[in-house]
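A.B. asks: sequence below, structure please.
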Amino acid sequence: MISEKIREDFPVLQNNKGLIYFDSAATSLKPIQVIEATNNYYKNLGANVHRGNHHLSQQATQLYEESRKEAAKFIKAKEEELVFTRNATESINAIATGLERQNYFSEGDEIVISALEHHANIVPWQELCKRTGSVLKIAELNEDFTLNMQDLQEKVSGKTKLVSVAHASNTVATIFPVKEIGKIAHENNALFLIDAAQSVPHFEVNAKKINADFLVISSHKMLGPTGVGCLYGKKDLLEEMPPYNYGGSMISKVTYENTEWASLPEKFEAGTMPIAEVIGFGEAVRYLKKLGMENVHEHEKKLLNHCIEKMKEIDRVKMYCPQDAENQGGIVLFGVKGIDAVDLGVALDESKNIATRSGMHCAEPIVSSLNPKGLGRASFYLYNTIEEIDTFVDEVTAISKAFK
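C.D. replies: Modelled structure (predicted):
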């Protein structure tokens, strides 16, 4: 069970009295423990990692690698299989670049994604297909926004080289049956990539049980700092894949004629990394572990069920999600008939200090198919309350009446 007392850990909530923060799918708030861990590096260490023999560098390196250990354990991976990047977006681009440099894709090969993907899991594959002559195929959704598994099975074939899907949608909120999707991919000798930016922060994810070949995460969506993410990859795949970025730290030997790469995971971590952010990310993982991901998930389901049932009562409101807390994350994508989504978002903010998001949500293909002008989105996390849901629903109701 998640206690409301944890709200005291979040300075943004303490410093913005009355704030109802329903935009965690964009970025989560940060607890004081994470902020202090980040500040501690700058205040007391400040040195680079993996370079110096002096004690400040050694201490910074230890904290940095402890964060890797925490993050790897969190998704049940090995430390050498977890690479730090800037975010989930860079992780996907790193995989795309590495596979292309391996000549993994040829003309006529196919990549399969779903119809609800974030731009970060669309654009890199579109551009790769332009360069390689590969073909991007889209698995469609059912009317209830779940994945059409029959369509997926028909589109994954012997020509498919990669299946890449979101574990949980940042818009319609659907949670995909990733273990089953991965099985279909592997039966066709395709690699399987999971965008877990919206799942790992909210419920337990076991990369090994899912049998993901690659899995990507963003720290800032799970209480951690911005500017750091993770790329998980099976060890044998990462060892075969060439780096996507070149420079210091990711090498074992350099001559004017040739360079030899460092071992995993340093091979993919060129230059000075976001050290303070990585250390803060480790603290965020510890915070979530202490709460228990089963408790985080149950709390969000209670909030979501309450919100869905209350919003069903509002005239002119339409929700675009499965409307089932067992099959979707803590997100409600919605529109109010006759009210522009941006106007609605501004009204919620100005009237009751409710922070939501409006527009295309970096997922224009799916959102524009539902409303060409965009939609509103309320997204919940462990620091939100039932009372905040009630305030939000009451205000949406009042605004919908005022705009008649």
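
A.B. asks: what residues are up against Leu237?
C.D. replies: Leu237 makes contact with Leu191, Asp213, Phe214, according to C-beta atoms under 8 Å, 6 or more residues apart in numbering. No exception for glycine: its C-beta is placed from N, CA and C like everyone else's.

A.B. asks: hmm, 7 Å instead?
C.D. replies: Residues counted as contacts of Leu237 (C-beta atoms under 7 Å, 6 or more residues apart in numbering) are Asp213.

A.B. asks: any idea how far it is from Val228?
C.D. replies: 22 Å (C-beta to C-beta, to the nearest Å).

A.B. asks: also Phe268?
C.D. replies: 14 Å.

A.B. asks: again, but for Met360
C.D. replies: 25 Å.

A.B. asks: those two - which one has more neighbours?
C.D. replies: Neighbours were counted for Met360 and for Val228 using other C-beta atoms under 10 Å; Val228 has more, 28 against 19.

A.B. asks: quick one: that one and Phe281 touch, right?
C.D. replies: Yes: between Val228 and Phe281 there is a contact under C-beta atoms under 7 Å: 5.2 Å.

A.B. asks: shared neighbours, those two?
C.D. replies: With C-beta under 7 Å, 6+ apart, Val228 and Phe281 have common neighbours Ser219.

A.B. asks: would you map the helices across the stretch 151-300 of the chain?
C.D. replies: All helices of the stretch 151-300 of the chain, identified by DSSP state H, counting those that start in this stretch, fall at 178-187, 207-210, 235-240, 275-291, 293-311.

A.B. asks: run through the neighbouring helices and strands of the first one.
C.D. replies: Okay, so that is helix 178-187. helix 149-155, strand 160-166, strand 191-195, helix 207-210 (3 or more C-beta pairs under 7 Å, 6 or more residues apart in numbering; DSSP states H and E).

A.B. asks: quick check, Ser91 in a helix?
C.D. replies: Yes: according to DSSP: H, G, I helix; E, B strand; the rest coil, Ser91 belongs to a helix.

A.B. asks: could you check how many residues crowd around it?
C.D. replies: Neighbour number of Ser91 under other C-beta under 10 Å is 30.

A.B. asks: quick one: contacts for it?
C.D. replies: If you count contacts by C-beta under 7 Å, 6+ apart, then Ser91 has Thr85, Val216, Gly229, Cys230, Leu231 around it.

A.B. asks: scan the residues you listed and report the most crowded one.
C.D. replies: Sorting the contacts of Ser91 by how many neighbours each has (other C-beta under 10 Å) puts Val216 first, at 31 neighbours.

A.B. asks: surely that one and Val205 touch.
C.D. replies: No: counting by C-beta under 7 Å, Val216 stays clear of Val205, with 11.4 Å between them.

A.B. asks: what do the two both touch?
C.D. replies: By C-beta under 7 Å, 6+ apart, Val216 and Val205 have these common neighbours: Ala196.

A.B. asks: number of nearby residues for Val342?
C.D. replies: Using other C-beta under 10 Å, Val342 has 13 other residues around it.

A.B. asks: revised request: answer the last question for Pro177.
C.D. replies: 13.
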